[in-house]
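J.: Build me a model from this:
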Amino acid sequence: MRISIVYFSGTGNTQSIALGYAEALKKSGHHVSMSSIEHISSLEDHDLLIVGGPIYAGNMPDELINWVRKNVCQVTGNKKAIP
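T.: Numbering: from 1, shown residues only. Okay, the predicted model is just below:
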């Protein structure tokens, strides 16, 4: 399975979690790409999209909400997103 992990990490904690998921999924035989929302220009072709980010005062950061609104609605077909 081709899996894309996209994350926003203000302090590095979410990046560490995303890296842990990526390593575990690769060990399970999946093809995994991982990128921060600050460094991704377009979504790669994937079977599964995993989106991760921190919670600040009970909410996701505006940067991540805006990125999801702009990019995830473009995912078509039998694709999945996990917030």
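J.: which phi and psi does residue 48 have?
T.: Backbone torsions of residue 48, given as degrees, to the nearest 10, read phi -140, psi 130.
J.: neighbours of residue 26, just the number please.
T.: Residue 26 has 13 neighbouring residues, counting by other Cβ atoms under 10 Å. In this view, the C-beta of every residue, glycine as well, is placed from N, C-alpha and C.
J.: So for it, what's the pLDDT?
T.: As predicted, residue 26 sits at a pLDDT of 97.
J.: hey, where'd the strands end up in the chain?
T.: 2-7, 31-36, 48-52, 81-82 (DSSP state E).
J.: rank these by pLDDT, which is bottom?
T.: Among the strands of the chain, strand 81-82 carries the lowest mean pLDDT, at a mean of 55.
J.: how close does the residue of the chain most remote from its centre sit to residue 10?
T.: Most distant from the centre of the chain: residue 57, at 20.9 Å, with distances by Cα atoms, centre = their mean. The spacing between residue 57 and residue 10, counted by Cβ to Cβ, to the nearest Å, is 13 Å.
J.: In JSON lines: the strands of the chain, plus mean neighbour count and distance to residue 71.
T.: Shown next, in JSON lines, are the strands of the chain (neighbours: other Cβ atoms under 10 Å; distance: least, Cβ to Cβ, whole Å):
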{"stretch": "strand 2-7", "mean neighbour count": "21", "distance to residue 71": "8"}
{"stretch": "strand 31-36", "mean neighbour count": "16", "distance to residue 71": "11"}
{"stretch": "strand 48-52", "mean neighbour count": "19", "distance to residue 71": "9"}
{"stretch": "strand 81-82", "mean neighbour count": "12", "distance to residue 71": "10"}
